[in-house]
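K.L.:
when you get a sec, could you give me coordinates for this:
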Amino acid sequence: PYMTRVYFVDSTACENAMNVPLSMEKSRIVITGVGLTSPNGNTLEEYRKNLLDGVAGVQLMEVRYMGEHPAGICDFDTKKYQTRKELRVGTRAGSIAIYSAQEAVASAGIDLETIDKSRIGVYVGTTEHGNVETENEVYNISKFDYDTRFWTHHHNPRTVANNPAGEITINMGITGPHYTIGAACAAGNAGLIQAVQMLRLGEVDFALAGGVSESIQTFGIFAGFKSQGALGSHEDVSKASRPFDKSRNGIVVAEGGAIYTLERLEDAQARGAPILAEIIGYRINSDASDYVLPNPERQAECMRAALANAGIEASGVDIVNTHATSTPQGDIQECKAIAEVFGDCPTTYVNNTKSFIGHAMGAAGALELAGNLPSFEDNIIHPTINVDDLDPECALPNLVINEPRKVDAVKVILNNSFGMLGINSGLIVRKFEK
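P.N.:
Predicted structure coming up:
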């Protein structure tokens, strides 16, 4: 009663139908530019110098209803790429995204007017979006007996989830696809991973990708962490973010952004582009166990899967940039996972960037990767600062603390980014070799 049918697919016909070469899915994807704003630098060069010099970017900030708290605050030229009117209409996240994207394109040495803008994709990771604008409007109308006639007509376009990516396209005249990737604090990595996939699928020919955060503008995130007992503090505000230190007591909320230009290797070489690194592997998985408490078993699985995707052994990684957020339990959980995967790797070094800038949420992974990329050229590993009393449960071999470490060579970096609801991500980049 049953008939088996066998179909032979003509690969050429398949390519023609999809308009995508089947070989494209194996294309090598490279980073050709990076633009950023962080609490301690607005260019990669300034940011990197401060990471090597031990300069933190955390300061006290007045938080609505809560008084002063440590925060990572960016100070970039908002009018470099936007008019006053555009700044009034848009969002802080959008402004950070535009600044970082424009700087990335300049870094990549490409004139977007010379390429098809419908073939440019914009993929921006965010932890959350819309909280800031809604909080502000509720506060504003509270001064008018909650009369909604005083509610801004800009609220809806400011609060839609795609806002930061969409603001980039409007500012730069990009007509290709754009969207944000909501991946909690793994979002910076997720934005880059999305771009890699879209380039390999042939959906776009050029991508702007990374992550942004305007989190310090919302009192809700401060109040939420405080209610969890996870809001960082210290009498010396520059030491409020101190992953791995025995006295760490929570997260320092930060804003910022890092956007990268990604291209297929053959396209980048054809235009003589500078190549900062090659993305060779990645993985995203889920803990499926708790809303906030990390699961070291799943984190270890994520790192191993990223290594397998990259086709390398754990011993082939030179730097593991940790996600560690300076919470008492979270740092220990990640250290357990790293020890499980890299415990027998004597030339793998471990560092942390949040000790300098705080936790930039959706921008964290993208900013932290940027801080480590120059290691491919100078062979220096930036330290984790503010570790005055190392927690024995975080005492990983080759943990670089307080002072930079010079090594013979840095060829591979693993960038860890994890987030609430148990989302884990690992992104692996390699020094470019032809």
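K.L.:
ok, Val34 to Asn249 distance?
P.N.:
Distance of Val34 to Asn249, computed by Cβ to Cβ, to the nearest Å: 32 Å. Just so you know, the C-beta spots here come from the backbone N, C-alpha and C atoms, and that holds for glycine as well.
K.L.:
neighbour count winner among those two?
P.N.:
Neighbour count, other Cβ atoms under 10 Å: between Val34 and Asn249, Val34 has more, with 25 against 16.
K.L.:
any idea which element that one lies in?
P.N.:
strand 29-37 (DSSP states H and E).
K.L.:
what residues of the helix or strand following that strand count as buried?
P.N.:
Downstream of strand 29-37, the next assigned helix or strand under DSSP H and E is helix 44-53. Neighbour-count burial for helix 44-53 flags 44, 47-48, 50-52 (criterion: 16 or more other Cβ atoms under 10 Å).
K.L.:
cool, and stretch 79-93?
P.N.:
By 16+ other Cβ under 10 Å, the buried positions in stretch 79-93 come out as 81-82, 86, 89-93.
K.L.:
CA atoms of the longest helix along the chain as CSV?
P.N.:
Taking DSSP state H as the criterion, the chain has its longest helix at helix 92-108. This file holds the C-alpha atoms of helix 92-108, laid out as CSV (Å, rounded to 0.1, in the frame of the first residue of the first chain):
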residue,chain,number,x,y,z
ARG,A,92,19.9,56.7,24.3
ALA,A,93,20.3,53.1,23.0
GLY,A,94,19.8,54.3,19.5
SER,A,95,22.4,57.0,19.9
ILE,A,96,24.9,54.6,21.3
ALA,A,97,24.2,52.2,18.4
ILE,A,98,24.5,54.9,15.8
TYR,A,99,27.8,56.2,17.2
SER,A,100,29.2,52.7,17.4
ALA,A,101,28.0,51.7,13.9
GLN,A,102,29.4,54.9,12.2
GLU,A,103,32.7,54.4,14.0
ALA,A,104,32.8,50.8,12.9
VAL,A,105,32.3,51.7,9.2
ALA,A,106,35.0,54.3,9.5
SER,A,107,37.3,51.7,11.1
ALA,A,108,36.6,49.3,8.3
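K.L.:
distance from the chain centre to that helix, please.
P.N.:
Taking Cα atoms, centre = their mean, to the nearest Å, the mean C-alpha location of helix 92-108 is offset from the chain mean by 14 Å.
K.L.:
packing partners of that helix?
P.N.:
Judged by 3 or more Cβ pairs under 8 Å, 6 or more residues apart in numbering; DSSP states H and E, helix 92-108 is in contact with strand 29-37, strand 120-126, helix 163-172, strand 206-213, strand 256-264.
K.L.:
quick one: closest of the ones you listed to Asp290.
P.N.:
The closest of those to Asp290 is strand 120-126. By Cβ to Cβ, the value is 22.0 Å.
K.L.:
orientation of the closest one relative to strand 206-213 in degrees?
P.N.:
With axes from the mean of the first three to the mean of the last three Cα atoms, to 10 degrees defining the directions, strand 120-126 sits at 20 degrees from strand 206-213.
K.L.:
strand partners of strand 120-126, parallel vs antiparallel please.
P.N.:
strand 178-182 (parallel), strand 206-213 (parallel) (DSSP bridges).
K.L.:
next, the angle helix 163-172 makes with the helix or strand following it.
P.N.:
Next in sequence after strand 120-126, counting helices and strands by DSSP H and E, comes helix 131-142. Between helix 131-142 and helix 163-172, the angle comes out at 90 degrees (the same axes, to 10 degrees).
K.L.:
other residues contacting helix 131-142?
P.N.:
The contact list for helix 131-142 (Cβ atoms under 8 Å, 6 or more residues apart in numbering) reads 64, 91-93, 147-148, 150-152, 155, 158-159, 214, 217-221.
K.L.:
Arg405 against Ile381, yeah?
P.N.:
Yes. Arg405 lies in contact with Ile381 (Cβ atoms under 8 Å); the separation is 4.5 Å.
K.L.:
about what we covered before: just checking, what packs against the strand holding Val34?
P.N.:
The criterion is 3+ Cβ pairs under 8 Å, 6+ apart, and the helices and strands that strand 29-37 contacts are helix 44-53, helix 92-108, helix 187-201, strand 256-264, helix 265-270, strand 277-286, helix 364-372.
K.L.:
show me how far that strand is from its chain's centre.
P.N.:
Offset of strand 29-37 from its chain centre (Cα atoms, centre = their mean): 12 Å.
K.L.:
low-scoring stretches of the protein, by residue?
P.N.:
By pLDDT under 70, the weakly predicted segments of the chain are 1-25.
K.L.:
quick one, which of the strands paired with strand 120-126 is nearest to Asn424?
P.N.:
Nearest to Asn424 among those is strand 178-182 (14.6 Å), distances taken as Cβ to Cβ.
K.L.:
can you give the strand pairings for the strand holding Val34, parallel or anti for each?
P.N.:
Each strand paired with strand 29-37, and its direction, by DSSP bridges: strand 256-264 (antiparallel), strand 277-286 (antiparallel).
K.L.:
how far out from the middle of the chain is the helix or strand just after the longest one?
P.N.:
Read it as strand 277-286. The first helix or strand that comes after strand 277-286 along the chain, using DSSP H and E, is helix 296-310. Centroid displacement of helix 296-310 relative to its chain, using Cα atoms, centre = their mean, is 18 Å.
K.L.:
buried residues in helix 296-310?
P.N.:
296, 298-307, 310.
K.L.:
and these, which is closest to Asn351?
P.N.:
Met303 (15.4 Å).
K.L.:
that closest one contacts Asn415, doesn't it?
P.N.:
No. The pair Met303 / Asn415 is not scored as a contact, 10.6 Å apart, by Cβ under 8 Å.
K.L.:
name the residues contacting each of the two.
P.N.:
Residues touching both Met303 and Asn415 by Cβ under 8 Å, 6+ apart: Gly426.
K.L.:
one step back: ok, which of the strands paired with strand 29-37 comes nearest Lys354?
P.N.:
For Lys354, the closest of the strands paired with strand 29-37 is strand 256-264, at 11.1 Å, according to Cβ to Cβ.
K.L.:
which of Arg405 and Ile381 has more neighbours?
P.N.:
Set Arg405 next to Ile381 and count neighbours by other Cβ under 10 Å: Ile381 wins out with 23 against 17.
K.L.:
all set now, cheers.
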